[in-house]
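In: Structure of the sequence below:
(chains A and B)
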Amino acid sequence: MNQVVFRSLLGGWLALTCAPSVAAPAAEELVHKMMGAARALDYEGVFVYQHDSSLETMRVIHRGSGSLEMERLVSLTGPAREVIRDGSKVICRWADKHAMLVEQRQPRDLLSFGVGGPVKNLDAVYQFSIERHDRIAGRQTDVVKVSPHTPDRYAYRLWIDRETGLLLKSVITDEHDRVLEQEQFAEIAIGLTVPDSRFESELPGTDFVRLTNDGEPDSAAAASPPEAPWRVNWLPPGFALHHDKSQRMATSNLPVRHFVYSDGLATVSVFIEKIRAEVAPLKGFSLVGAVNAFSSVAHDHQVTVVGEVPQNTVRRIASSVAPQNSE
Amino acid sequence: MDSIDEELSALMDDEHPATDAALSRLLAGNVEVHERWSRYHLLGEILRDANSAPEAQSLASRVHEQLNGEPFHLVPSPLNRKPNLWAPALAASLAALGVWGVITVAHGPERTAATPAVAVNVPPAPLLQPATRLETGPDNEAPTAGEAAAELRRRLNSYIVNFNEQRDSLAVPNVHPYVRIVGFDPGAPR
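Out: This next block holds a predicted model:
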């Protein structure tokens, strides 16, 4: 019921902020509005995702009205892949690999986003400007450039729908203004009625290998002593802790410590888990579009830092992770 | 449908011997092919737009700069190469521009016994291949190299899914937080 009330309030807030005004909104204000719009609106569209030399086309169906936010993302090019999210879980299916990953979702902090939450101190670490106006998927947009003051995070260009505040195109660039990845709607319908059937999987086959974290912890996990406290000793200026908990993940029955830091736009996750004898640890860098990951081993634990920040930043953060009682 | 893909790709590249006739034949009465043709055009336009932008630069150049900057090592993948996800002709035209897939570049002295690391001190040519690379730690005997690598990638995917969830709850800008899950090869179990 709280979610219903919240969504009604958010809808009213969006309606007010989306109403035509005489004065042009400031760039930071547009970003603020955008953050709430993506979750509150009902829409369906096709967009293109470009990273490196690869282009993927996907369809997204989203329903923000009602008591339960629902969403389905499905690939239209390449192998059949799909992500379905509802209020309690996220299901990723890779039909070509016969693989399914089911992660239980954390309850959303609905009151923190879009209404003075994570963006309130953004001007301390980013500069905002409206570059120009553009037309994306047949809709008028304002193009907002968000430039970091320091090279330890990325810059964004955001094409924000004038009417609804929805993000219709985004480009992430590095410190040399080189494009790391971009997403752009080719067509979109906003405000339509989305029936439940649109959120059912359309992928062929049922023989998926299923990984999930919704079962009971195994005996080894139950017998594990409580984890010692850890700390992250270095973060770029402006990053603050938003989340710190031990959780189960689909690929491990042992608890994984998960710290989440954000400066309001960029987010970094720090995962710490005890190394299991039967599983080799991850080591080194991984790159997924604009997301970098760095894994290392510290005090018999796997430390993995994942973030939409440069490679040097995730490595430096990972190198600073240590038990609180260590020298 | 693969042969149609190849024909469409050839048409996109202006390499089809009878362009107008072939296009008419392919598109005639076939909605799916028509949509695919439109999609290829859209992708092509976006690709051209991106690469004509002053800030655009190929991945190869970027990675080359990184390699010049610090002592990286690349580890050959113990897995079979995944099949090409694009029609061959289209993929060929794209392959010249960069790399597809998740790239893991390991550093430091750690190596897996099964897949000795290869120092990279010159050209980024090996990076211009589809690749999903992961380095494992000290050798573990039970699983094969392929199974171990698949397990590592599953864990990495799990990290990324959980990262996405938190990222999304903080409402950071993205058309969709899971594009990276759908848009990349996860290296799932076989």
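
In: where's residue A:189, which helix or strand?
Out: Residue A:189 is part of strand A:179-190, with elements assigned from DSSP states H and E.

In: Could you check how many residues crowd around residue B:152?
Out: Around residue B:152 there are 24 other residues, counting by other Cβ atoms under 10 Å in any protein chain shown. For the C-beta atoms, the positions are set from N, CA and C on the backbone; glycine is no exception.

In: my bad, should have said residue A:164
Out: 22.

In: Provide a list of residue ranges in chain B with pLDDT below threshold.
Out: Across chain B, the ranges flagged by pLDDT under 70 are B:1-6, B:8-149, B:169, B:171-177, B:184-190.

In: Beyond the biggest helix by length in it, next helix or strand please.
Out: The longest helix of chain B (DSSP state H) is helix B:145-169. Next helix or strand after helix B:145-169 toward the C-terminus (DSSP H and E): helix B:179-182.

In: Kindly format the C-alpha coordinates of that following helix as PDB.
Out: Only the C-alpha atoms of helix B:179-182 are listed here, as PDB (Å, rounded to 0.1, in the frame of the first residue of the first chain):
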ATOM      1  CA  VAL B 179      21.600  -3.800 -21.300                       C
ATOM      2  CA  ARG B 180      25.000  -5.000 -20.400                       C
ATOM      3  CA  ILE B 181      23.600  -8.400 -19.300                       C
ATOM      4  CA  VAL B 182      21.600  -8.800 -22.500                       C
END
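
In: what's next to that helix, contact-wise?
Out: A:49, A:51, A:56, A:58, A:73-75, A:81-83, A:92, A:183, A:288-289, A:291, B:157, B:160-161, B:164 (Cβ atoms under 8 Å, 6 or more residues apart in numbering or on different chains).

In: where does residue A:68 land in three-state SS?
Out: For residue A:68, the assignment made with DSSP: H, G, I helix; E, B strand; the rest coil gives coil.

In: neighbours around it, how many?
Out: 13.

In: And the one 3 residues further on, by the same measure?
Out: Other residues lying near residue A:71 total 22 when counted by other Cβ under 10 Å.

In: What helix or strand is it located in?
Out: strand A:70-75.

In: per-residue confidence averaged over that strand?
Out: For strand A:70-75, the mean pLDDT works out to 90.

In: tell me the angle of the helix or strand just after that strand relative to strand A:70-75?
Out: Downstream of strand A:70-75, the first helix or strand assigned by DSSP H and E is strand A:81-85. Going by axes from the mean of the first three to the mean of the last three Cα atoms, to 10 degrees, strand A:81-85 is angled at 170 degrees with respect to strand A:70-75.

In: residues of the helix or strand following strand A:81-85 that come out buried?
Out: Remark: after strand A:81-85, the chain's next helix or strand is strand A:89-94, criterion DSSP H and E. Applying a neighbour-count criterion of 16 or more other Cβ atoms under 10 Å in any protein chain shown, the buried positions in strand A:89-94 are A:90-94.

In: picking up where we left off before, got the contact list for the strand holding residue A:71?
Out: With contacts defined as Cβ under 8 Å, 6+ apart, strand A:70-75 is touched by A:56-63, A:80-86, A:194, A:196, A:198-199, A:202-203, B:176, B:178-179, B:182-183.

In: What are the neighbouring residues in contact with residue A:184?
Out: A:47-48, A:50, A:136-137, A:159, A:168-170, B:46, B:175.

In: mind giving me JSON lines with these and columns for distance to residue A:300 and secondary structure?
Out: Output for the contacts of residue A:184, formatted as JSON lines (distance: Cβ to Cβ, whole Å; DSSP: H, G, I helix; E, B strand; the rest coil):
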{"residue": "A:47", "distance to residue A:300": "43", "secondary structure": "strand"}
{"residue": "A:48", "distance to residue A:300": "44", "secondary structure": "strand"}
{"residue": "A:50", "distance to residue A:300": "40", "secondary structure": "strand"}
{"residue": "A:136", "distance to residue A:300": "50", "secondary structure": "strand"}
{"residue": "A:137", "distance to residue A:300": "51", "secondary structure": "coil"}
{"residue": "A:159", "distance to residue A:300": "47", "secondary structure": "strand"}
{"residue": "A:168", "distance to residue A:300": "47", "secondary structure": "strand"}
{"residue": "A:169", "distance to residue A:300": "45", "secondary structure": "strand"}
{"residue": "A:170", "distance to residue A:300": "40", "secondary structure": "strand"}
{"residue": "B:46", "distance to residue A:300": "47", "secondary structure": "helix"}
{"residue": "B:175", "distance to residue A:300": "40", "secondary structure": "coil"}
